[in-house]
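S.K.: fold the following and give me the result.
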Amino acid sequence: MADRPGPSAGGAPDDIGSLLARFPVLAPPVPTAGAAVTIILRDGAQEVETLLIVRATNPEDPASGQVGLPGGHVDEEDDSLLATALRELEEEVGLEEADLAGAPRFVGTQFARAFDLHVGIFAAALGPAAEAPVPANLKEVAHVFWLPRSALGETRRVKRDTIFGPTEVNATVIDGHVLWGFTRRVLRDFFGYPREDELGGPALPPEGG
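M.R.: Alright, predicted model coming up:
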């Protein structure tokens with residue numbers, strides 16, 4: 001197990017088992033939300049880390065080049081919101097349900113203002129035998145990386161294009177990656193950081209992406 005993170009790591013439990021145990025194993029019906037994302041956790045060298053993706057450059061995608069969680073919109077074939085999350089996880093980073101250490105937990109839903117839809121949030125641990133996640137479709141995902149949870153405690157003001165125009169927003173910046181808006185809010189909530197006044201930035205690909 002990773003070393004206990006410092007006080008900047010939020011108020012949630014330190015270990016992955018306790019982090020996940022706060023939430024139930026559920027497969028909510030599709031009408032619960034219009035999209036789903038998954039928080040994938042692993043024990044890093046010093047603390048718990050979260051898998052993030054960098055979306056591919058696409059002029060038709062409002063989330064082009066943005067950092068986000070694996071996920072996307074509900075398809076007609078999805079029989080539950082969990083099915084959406086698992087499908088997107090495989091399509092974007094090559095992880096199947098068998099690669100997870102246990103059944104995904106349903107964290108809840110949050111509203112993504114930039115897309116005017118509710119997003120279902122799931123969380124799961126990466127299994128010990130799983131292959132390293134990689135971009136499974138370079139047209140959608142350009143890069144993947146792991147974010148240490150304590151990085152979420154560091155806030156920088158960064159100018160970004162928002163639904164209100166170019167605006168300075170609260171962000172986490174690590175290794176040149178800028179995490180802000182919806183995804184940052186979801187992760188800060190999950191790890192027990194206090195809410196900040198944040199604008200809802202792009203977090204998902206366009207419909208059908």
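
S.K.: count the neighbours of Leu41 for me.
M.R.: 24 (other CB atoms under 10 Å). Every C-beta, even on glycine, is put in place using the N, C-alpha and C of the backbone.

S.K.: surely it touches Ile16?
M.R.: Yes - using CB atoms under 8 Å, Leu41 is in contact with Ile16, at 5.0 Å.

S.K.: overlap in contacts, those two.
M.R.: Counting by CB atoms under 8 Å, 6 or more residues apart in numbering, the common neighbours of Leu41 and Ile16 are Val48, Ala125.

S.K.: in stretch 156-165, what counts as buried?
M.R.: Arg160, Thr162 (16 or more other CB atoms under 10 Å).

S.K.: one more: stretch 86-101?
M.R.: Leu86, Arg87, Glu88, Leu89, Glu91, Glu92, Val93, Gly94, Leu95, Asp99, Leu100, Ala101.

S.K.: out of the residues you listed, which one sits closest to Ala21?
M.R.: Ala101 (12.6 Å; CB to CB).

S.K.: now the closest one, nearest residue through space, not along the chain?
M.R.: Spatially, and ignoring its direct neighbours in sequence, Ala101 is nearest to Ala125 (3.9 Å; CB to CB, 6 or more residues apart in numbering).

S.K.: for that neighbour, what are its contacts?
M.R.: Residues near Ala125 by CB under 8 Å, 6+ apart: Ile16, Gly17, Leu20, Ile40, Leu41, Arg42, Leu100, Ala101, Gly102.

S.K.: mind listing what the helix or strand of the chain with the lowest mean pLDDT pairs with, with the direction of each?
M.R.: Confidence across the helices and strands of the chain bottoms out at strand 156-162, with a mean of 86, counting by mean pLDDT, DSSP states H and E. Paired neighbours of strand 156-162 in the sheet (DSSP bridges): strand 165-174 (antiparallel).
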